[in-house]
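A.B. asks: Build me a structure from this.
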Amino acid sequence: MTIDEVQFFEIQATHFSNIPYNQTKEWLKSTVGIVSTKFFVNSLKKPEIACWGRVFKRKFVGNHLMIDGITYQTDNIKTIHDFFQNIVNQNYSIIEISDIGIHSTHFEIGIRQAGFIRPILSLSPLSLIVKTQEPFNFHRNWRRNVRKAENEGCEFEIVEYPTEVQLKEFVGLFKQLKERKGLEFSINNRSLYLLLQNKCYKLFFVKNSKGNYISGRIIYVCGDNSYDIYAANSDEGTKNGSAYYIQEKILFYLKHIGVSYFDYGRISPSNDEMNNIYISKNYSGGEPITYNGQWLYSKSKQTGLLYEIYKLLIRKQRRY
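C.D. replies: Sure, this is the predicted structure:
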């Protein structure tokens, strides 16, 4: 069923313990370009699945509902099916779902029975999980880079109350990373400020021996789980090992506060340059997992095909 924003976040706060980072109120507020947002829950009396999604008007396609993240705590196939079937019945031309929950066969059966299929063009469904309460198993290259950063006098900083200057510093570091890697999205001071109003989002920096910020990281912590959100490394930070140093310090921080899992976000092992990102994250000693991933519902095959063409030509999305 569809409910309003206030009711949705009240239910989320009182009935769910593991909320994905991309389903929080702060993530919603920090995201720009929302035409309209819809809020869904399977039941008011017994909430077991909830999510919000954005509605876009696509030329030649119609109303497009995009849901990024699902909060759920059930493996009941009928409950999962009925929830997504209710959304399908609301007459959107395209419904696109991307979920970072660890793959559940029950989830897949339920969503398939509601008419969803895997899209042709999709993001990688793979990630790495570091079990932070177990002994770490860092690769020798990881340890070498960490020693390099320590020898150069790098210092780790946990930011409890971010200032405007620190937000600006993080955005500046992210811009350097964006230019090096050719990323398509941007962040700004305002979006970071809104995001960090929720204390589950945590900001970290590494300073060089001169006291300048050279690496930054934002993660999300919810109960026993944590997620990598934004990395921001200067050119200097990639050369002196601080990009690894900040990750190791964060992992030990999570161990100290009792968090059990750290999810690195999507990894893209391949035979091109994207494999380098996988290799560097794999140095953490994390275990590979598969997400529930991306799903697509379309009112007709023609509509679905038009949307796949849109992703290929406009978004420049690759097939994974």
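A.B. asks: so where's the longest strand in this structure?
C.D. replies: In the chain, taking DSSP state E as the definition, the longest strand is strand 287-298.
A.B. asks: Next, the buried residues of it.
C.D. replies: In terms of neighbour count (16 or more other CB atoms under 10 Å), strand 287-298 has its buried residues at I289, Y291, N292, G293, Q294, W295, L296, Y297, S298. Placement of C-beta: from N, CA and C, glycine included.
A.B. asks: Looking at those residues, which one is closest to T2?
C.D. replies: Closest approach between the buried residues of strand 287-298 and T2, by CB to CB: Y297, at 16.5 Å.
A.B. asks: Could you tell me the per-residue confidence at the closest residue in space to that closest one that isn't next to it in sequence?
C.D. replies: Using CB to CB, 6 or more residues apart in numbering and skipping residues adjacent in sequence, the residue nearest Y297 is I95, 4.2 Å away. As predicted, I95 sits at a pLDDT of 97.
A.B. asks: so how far is F39 from I95?
C.D. replies: To F39, I95 is 15 Å away according to CB to CB, to the nearest Å.
A.B. asks: Which residue of those two possesses the greater neighbour count?
C.D. replies: I95 (23 against 20; other CB atoms under 10 Å).
A.B. asks: I'd assumed N86 was in contact with that one.
C.D. replies: No: I95 is beyond contact range of N86, at 11.4 Å (criterion: CB atoms under 8 Å).
A.B. asks: The least confident helix or strand in the chain by mean pLDDT: how far from the chain's middle?
C.D. replies: Taking mean pLDDT, DSSP states H and E as the measure, helix 301-313 is the helix or strand of the chain with the lowest mean score, a mean of 85. How far helix 301-313 lies from its chain's middle: 24 Å, per CA atoms, centre = their mean, to the nearest Å.
A.B. asks: That helix packs against which elements?
C.D. replies: Using 3 or more CB pairs under 8 Å, 6 or more residues apart in numbering; DSSP states H and E, the elements in contact with helix 301-313 are strand 94-102, strand 287-298.
A.B. asks: In the helix or strand containing F40, which residues are buried?
C.D. replies: Element membership for F40 (DSSP states H and E) is strand 36-41. Buried residues in strand 36-41, counted by 16+ other CB under 10 Å: K38, F39, F40, V41.
A.B. asks: Same question for stretch 94-114.
C.D. replies: Quick answer for stretch 94-114 (16+ other CB under 10 Å): 94-100, 104, 107-108, 110-112, 114.
A.B. asks: still on that earlier bit, which residues sit against the least confident helix or strand of the chain?
C.D. replies: 58, 60-62, 64, 93-94, 119-121, 296, 298, 317 (CB atoms under 8 Å, 6 or more residues apart in numbering).
A.B. asks: nearest to I187, of those?
C.D. replies: If you rank those by distance to I187 using CB to CB, Q317 comes first, at 20.4 Å.
A.B. asks: Can you give me the pLDDT of the closest one?
C.D. replies: 76.
A.B. asks: can you tell me the average pLDDT over stretch 275-294?
C.D. replies: 94.
A.B. asks: hmm, I was thinking of stretch 250-269
C.D. replies: pLDDT averaged over stretch 250-269 gives 95.
A.B. asks: Okay then, goodbye and thanks.
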